[in-house]
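Enquirer: Sequence and computational prediction follow.
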Amino acid sequence: MARGRPGRVQTGWGEGRAERAHRPANPPPGLPSVSADAEIPTPQCGAPVFKRPLRAREGAHDAAAVAAVGPSPEADQGRGRGRGEEHHGPGPARTQDNAPQSRSHVDTGIGASTDPYLDVEGGEAAFNFEDMTSGPTGGDLLQNREQDRLSEEADACLQRLLELTNNVPLPEGKKGAAAPPVILWFRQDLRLHDNPALVAAAQSGRPVIPVYLHVPVEDGKWPVCGAAKYWLHHALLHLSQALDSKLGSKLLICSGESSLDLLLMLIMDSGATTVLFNRVYEPWKVSRDALIAQVLSENGVSVHSTKGVVLFEPIEVRPDTDQRIQYGFGSVGFFLNACDGHEIQEPLPAPLRLRAPVRWPQAQSLSDLRLDAQPRRKNGTTIDWAKGIRENWGFREEDALAALEEFVYNGCFHFEGRQRFRADRKYTAVISPYMRFGQLSPRTVFHAVVQRHSDKARTFLRRLAWRDLAYWMLWKLPCMADEPIRPQYAFQWWDSDAAALRAWQRGYTGYPLVDAAMRQLWVTGWMPNYMRHVVAGTTSQKYSL
């Protein structure tokens with residue numbers, strides 16, 4: 001089979017021997033049955049990137065060096081809730097590269113139990129409706145009216161947002177310093193390179209006002225906390241410095257109770273007539289953005305959004321249509337089969353300059369947000385729980401690109417083999433925090449790996465695709481942010497042993513690998529994906545916490 005272009009997604013299907021498809025047992029009404037005699041093509045050896053999985057369980061990146069030191073007893077203070085998780089921030093539990101993850105992945109203890117969607121060998125199995133609908137609730141999940149309503153609402157909001165803001169030309173009129181300014185709204189894209197909204201603002205020829213809006217209440221149950229909150233402070237600090245030193249601009253910081261109110265205030269203060277941003281995909285944020293676009297448009301303000309956070313938007317690919325569902329609902333093969341033929345554009349270079357407005361609107365300072373605030377002892381000294389984070393990470397965009405380059409040249413080869421499972425070697429990419437806050441774009445990561453390794457980096461690229469699949473799953477099943485997508489796990493019994501939970505959180509369970517991983521999390525704010533599976537399996541299956 002001819003090798004595809006590097007920027008083209010390929011599933012690796014060929015004209016090889018066909019296999020029988022597995023027929024779902026008792027498919028629910030309204031869904032077409034799949035014949036047991038249906039044939040599906042098998043992947044050929046040597047196929048291009050994004051090949052169908054054979055054995056490995058899909059996750060994010062894997063092993064890194066194990067932290068050797070334990071947490072200080074005082075380190076509990078000031079870290080925020082959820083220190084037992086890999087990362088903190090809005091959205092459901094996340095993989096290393098910021099992809100939302102179903103709670104059922106944690107509840108069932110990935111890496112330590114049998115998954116209904118995987119055969120006993122660890123390879124993908126065909127989707128079986130009994131696996132989704134068995135248990136105390138019977139077949140309620142697929143027929144649940146509330147879930148259907150939420151899914152339809154998420155689809156309608158994203159459709160509405162695209163109608164209002166996508167591919168809408170910037171208004172014609174004056175250019176130069178005297179022209180009405182453009183507001184550039186930074187969100188999960190705290191970078192200069194490959195930032196479509198930033199490039200569009202620079203190309204408008206009008207003054208640009210970069211802003212970051214801090215509105216924790218809009219994160220709902222998923223606020224930025226702990227290590228992620230500390231990282232956000234430094235990411236914003238270095239973005240502001242980069243805008244100043246490289247583009248002759250600056251970043252305005254505004255905080256409040258409503259992004260819409262803050263934007264309206266900035267518009268009235270600056271006279272801006274256009275708002276630009278890159279789209280985000282958590283359903284509650286899509287709903288907010290659609291409302292903002294509608295209100296601003298009705299008030300004569302042009303709103304433009306671009307794709308800059310994912311490779312494939314949830315609405316762009318439809319893996320659950322036609323016969324694709326037979327490949328295993330929720331699997332990467334299932335998702336990539338729908339991505340076949342979609343182009344992944346080259347990353348955009350950073351603009352050279354941003355035109356500054358004649359007058360900058362009023363704003364706050366980054367320190368006002370207190371994102372890096374740390375607790376104090378009774379004697380007035382600071383409990384510096386973030387010392388290990390500062391020592392182990394660089395927070396600049398240049399540090400993100402350097403980490404990617406190191407992995408591409410030194411780690412990717414090992415990642416493709418079984419060495420990636422080792423916890424004592426740095427064979428994982430270690431770029432997840434940078435992707436979480438948009439200091440690296442997925443297109444930059446994709447093309448850096450493909451240009452160096454061509455079709456020999458399938459394992460890593462599939463894990464990059466898992467990130468987009470997880471966003472698609474959250475868009476398709478909005479309830480998964482709060483409820484397990486397999487209803488029987490809503491009735492799972494959990495223990496409330498506070499001492500066991502404390503020992504697990506602090507890395508004192510007595511299991512060396514578990515304790516090393518949890519101490520690494522305490523010290524650095526991060527742990528590799530396969531270690532997250534290990535510690536999650538321990539807390540859910542050993543302690544039922």
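Expert: Nice, thanks for sending it over.
Enquirer: What segments of this protein are strands?
Expert: 13-20, 39-43, 182-186, 208-214, 252-255, 274-278, 302-306 (DSSP state E).
Enquirer: Partner strands of the fourth one, with direction?
Expert: Using DSSP bridges, the strands paired with strand 208-214 in its sheet are strand 182-186 (parallel), strand 252-255 (parallel).
Enquirer: looking at the ones you listed, which is closest to W504?
Expert: strand 252-255 (34.7 Å; Cβ to Cβ). C-beta coordinates here come from the backbone N, C-alpha and C atoms, glycine included.
Enquirer: outside of the closest one, which residues touch it?
Expert: 209-215, 236, 262, 265-266, 360-361, 363-366, 368-369 (Cβ atoms under 8 Å, 6 or more residues apart in numbering).
Enquirer: Which positions in it come out as buried?
Expert: Going by neighbour count (16 or more other Cβ atoms under 10 Å), the buried part of strand 252-255 is 252-254.
Enquirer: and stretch 193-202, C-alpha only, in CSV?
Expert: Extracted C-alpha coordinates of stretch 193-202, given in CSV (Å, rounded to 0.1, in the frame of the first residue of the first chain):
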residue,chain,number,x,y,z
HIS,A,193,3.1,29.6,18.0
ASP,A,194,0.3,27.8,16.1
ASN,A,195,-2.4,30.0,17.6
PRO,A,196,-5.0,30.6,14.8
ALA,A,197,-6.9,33.3,16.8
LEU,A,198,-3.7,35.2,17.5
VAL,A,199,-2.7,35.0,13.8
ALA,A,200,-6.1,36.2,12.7
ALA,A,201,-5.9,39.1,15.1
ALA,A,202,-2.5,40.1,13.9
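Enquirer: Determine how far that stretch lies from the middle of the whole chain.
Expert: In terms of Cα atoms, centre = their mean, to the nearest Å, the centre of stretch 193-202 is set 20 Å apart from its chain centre.
Enquirer: what is the mean pLDDT for that stretch?
Expert: The predicted model gives stretch 193-202 an average pLDDT of 96.
Enquirer: contacts for it?
Expert: 170, 182, 184-185, 189, 192, 208, 210, 247, 276-278, 304-308, 347-355, 397, 401, 441, 443-444.
Enquirer: tally of neighbours for Q203?
Expert: 10 (other Cβ atoms under 10 Å).
Enquirer: what sits against it?
Expert: P351.
Enquirer: low-scoring stretches of the protein, by residue?
Expert: By pLDDT under 70, the low-scoring segments of the chain are 1-144, 168, 170-174, 176-177, 322-328.
Enquirer: most distant residue from the middle of it?
Expert: N379 (40.6 Å; Cα atoms, centre = their mean).
Enquirer: what separates that residue from E483, distance-wise?
Expert: 45 Å (Cβ to Cβ, to the nearest Å).
Enquirer: Could you do Y489 as well?
Expert: 9 Å.
Enquirer: how close does Y230 sit to G510?
Expert: 30 Å.
Enquirer: neighbour-wise, which of these two wins?
Expert: More crowded of Y230 and G510, by other Cβ under 10 Å: Y230, with 25 against 7.
Enquirer: give me every residue that touches that one.
Expert: Neighbours of Y230 in contact, by Cβ under 8 Å, 6+ apart: 371-372, 386, 389, 525.
Enquirer: quick one: which of those has the most company?
Expert: G525 (25 neighbours).
Enquirer: which residue packs closest to it, ignoring adjacent ones?
Expert: Leaving aside its sequence neighbours, G525 sits nearest to A227 (Cβ to Cβ, 6 or more residues apart in numbering; 3.2 Å).
Enquirer: what separates the one you found from R467, distance-wise?
Expert: For A227, the distance to R467 - Cβ to Cβ - is 20 Å.
Enquirer: So for those two, which residue has more residues nearby?
Expert: Shown here are A227 and R467; by other Cβ under 10 Å, A227 has more neighbours (28 against 25).
Enquirer: Okay, that one and D368: tell me how far apart.
Expert: For A227, the distance to D368 - Cβ to Cβ - is 21 Å.
Enquirer: Equivalent analysis for L251, please.
Expert: 13 Å.
Enquirer: what about the two, which has more around it?
Expert: L251 (21 against 12).
Enquirer: show me the contacts for that one.
Expert: By Cβ under 8 Å, 6+ apart, the neighbours of L251 are 186, 210-212, 236, 239-240, 243.
Enquirer: how about the nearest residue to it, chain neighbours excluded?
Expert: L251's closest residue in space is S240 (Cβ to Cβ, 6+ apart), at 4.0 Å.
Enquirer: Quick check: that neighbour touching K250?
Expert: Yes: under the criterion of Cβ atoms under 8 Å, S240 makes contact with K250 at 6.3 Å.
Enquirer: Looking at these two, which has the bigger crowd around it?
Expert: Between S240 and K250, S240 has the larger neighbour count (other Cβ under 10 Å), namely 21 against 16.
Enquirer: quick one, helices of the stretch 301-450 of the chain?
Expert: Secondary structure of the stretch 301-450 of the chain (DSSP state H, counting those that start in this stretch): helices at 332-339, 387-392, 397-406, 412-415, 432-436, 442-453.
Enquirer: Point out the most buried one among these.
Expert: helix 432-436 (a mean of 27; mean count of other Cβ atoms under 10 Å).
Enquirer: who does that one touch, helix- and strand-wise?
Expert: On a contact count with 3 or more Cβ pairs under 8 Å, 6 or more residues apart in numbering; DSSP states H and E, helix 432-436 meets helix 226-247, helix 397-406.
Enquirer: Kindly export stretch 179-187 (C-alpha atoms) in CSV.
Expert: In CSV, the C-alpha atoms belonging to stretch 179-187 read as follows (Å, rounded to 0.1, in the frame of the first residue of the first chain):
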residue,chain,number,x,y,z
ALA,A,179,-9.2,51.6,13.8
PRO,A,180,-11.5,50.0,16.4
PRO,A,181,-9.5,47.4,18.3
VAL,A,182,-9.8,43.6,18.3
ILE,A,183,-10.1,41.7,21.6
LEU,A,184,-8.1,38.5,21.6
TRP,A,185,-9.4,36.2,24.3
PHE,A,186,-6.8,33.6,25.5
ARG,A,187,-8.2,30.5,27.1
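Enquirer: how far is that stretch from where the chain is centred?
Expert: With Cα atoms, centre = their mean, you get 25 Å for stretch 179-187.
Enquirer: likewise stretch 371-391?
Expert: So, by Cα atoms, centre = their mean, the centroid of stretch 371-391 is 28 Å from its chain's centroid.
Enquirer: distance between the ends of that stretch?
Expert: 18 Å (Cα to Cα, to the nearest Å).
Enquirer: Quick check: ChimeraX command selecting the buried ones in the contacts of L251.
Expert: Of those, the buried ones can be selected in ChimeraX as follows, counting by 16+ other Cβ under 10 Å:
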select :186,210,211,212,236,239,240,243
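Enquirer: out of the contacts of L251, who's nearest M518?
Expert: L236 (28.4 Å).
Enquirer: ok now do that closest one, which residues does it touch?
Expert: So L236 contacts 190, 212, 251, 253, 366, 371 (Cβ under 8 Å, 6+ apart).
Enquirer: Any chance of a PyMOL selection covering the buried ones in the contacts of stretch 193-202?
Expert: Buried residues within the contacts of stretch 193-202, by 16+ other Cβ under 10 Å, are selected in PyMOL with:
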select buried, resi 170+182+184+185+189+192+208+210+247+276+277+278+304+305+306+307+308+347+348+350+351+354+355+397+401+441+443+444
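Enquirer: unless I'm mixing things up, the residue nearest to G525 is touching A386, no?
Expert: Yes: under the criterion of Cβ under 8 Å, A227 makes contact with A386 at 7.4 Å.
Enquirer: shared neighbours, these two?
Expert: G525.
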